[in-house]
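J.: sequence plus predicted model, see below.
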Amino acid sequence: MHSTGVTKSWIVDKLAAIIDTSLADIGSWDADGTFVLLPSEDLTDEQKVAISEVATEYGKNGRTTKVKLHDKLAAMAQLAKLLNMLVDRQEISGPDDRLVEVTDHRARITERLNDIAKRQAPDNDGGSGSS
């Protein structure tokens, strides 16, 4: 482990927390459709990592709390890069230094990450809610 405590495993855990956490994990909607954030002591460390911003504003209509989660697609891309799922350049030689045909899976991985992000989009639509 590095003296800072930052390791590849630690980074993977943080990115996975961002990817796996949805608004429904950190709060709920009341009967009026108002999002109510759980108290911070009720949130797990992983859920806290996923929260990008909590801002409370006071106005004519009372208090409004905005909750924003970190970008899941960006976290997926960073995780894929960290795990070497995306290769910028790859050369492989076979017998007699002939090039070996290599399948580039980047397009397929990107497509799958986009599909995952679309499925989770309602959970990360800017994350605004009122309480």
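T.: Looks like it came in fine. Computed from a predicted model, the values in this text were never measured in an experiment.

J.: host element of residue 18?
T.: Following DSSP states H and E, one finds residue 18 within helix 8-20.

J.: which positions within the following helix or strand past that helix qualify as buried?
T.: As assigned by DSSP H and E, the chain's next helix or strand after helix 8-20 is helix 23-26. Going by neighbour count (16 or more other C-beta atoms under 10 Å), the buried part of helix 23-26 is 23, 25-26. C-beta: built from backbone N, CA, C; applies to glycine.

J.: and which of those residues is nearest residue 80?
T.: Nearest to residue 80 among the buried residues of helix 23-26 is residue 25, at 22.5 Å by C-beta to C-beta.

J.: surely that closest one meets residue 51?
T.: No - in this structure residue 25 lies outside contact range of residue 51 using C-beta atoms under 8 Å: 10.2 Å.

J.: now residue 26: how far from residue 46?
T.: Distance, residue 26 to residue 46, using C-beta to C-beta, to the nearest Å: 10 Å.

J.: coming back round to it: average model confidence for the helix holding residue 18?
T.: Averaged over helix 8-20, pLDDT sits at 94.

J.: going forward, count from 58.
T.: Yes, from this point I'll number from 58; that puts the last item at helix 65-77.

J.: what's it packed up against?
T.: helix 102-107, helix 129-139 (3 or more C-beta pairs under 8 Å, 6 or more residues apart in numbering; DSSP states H and E).
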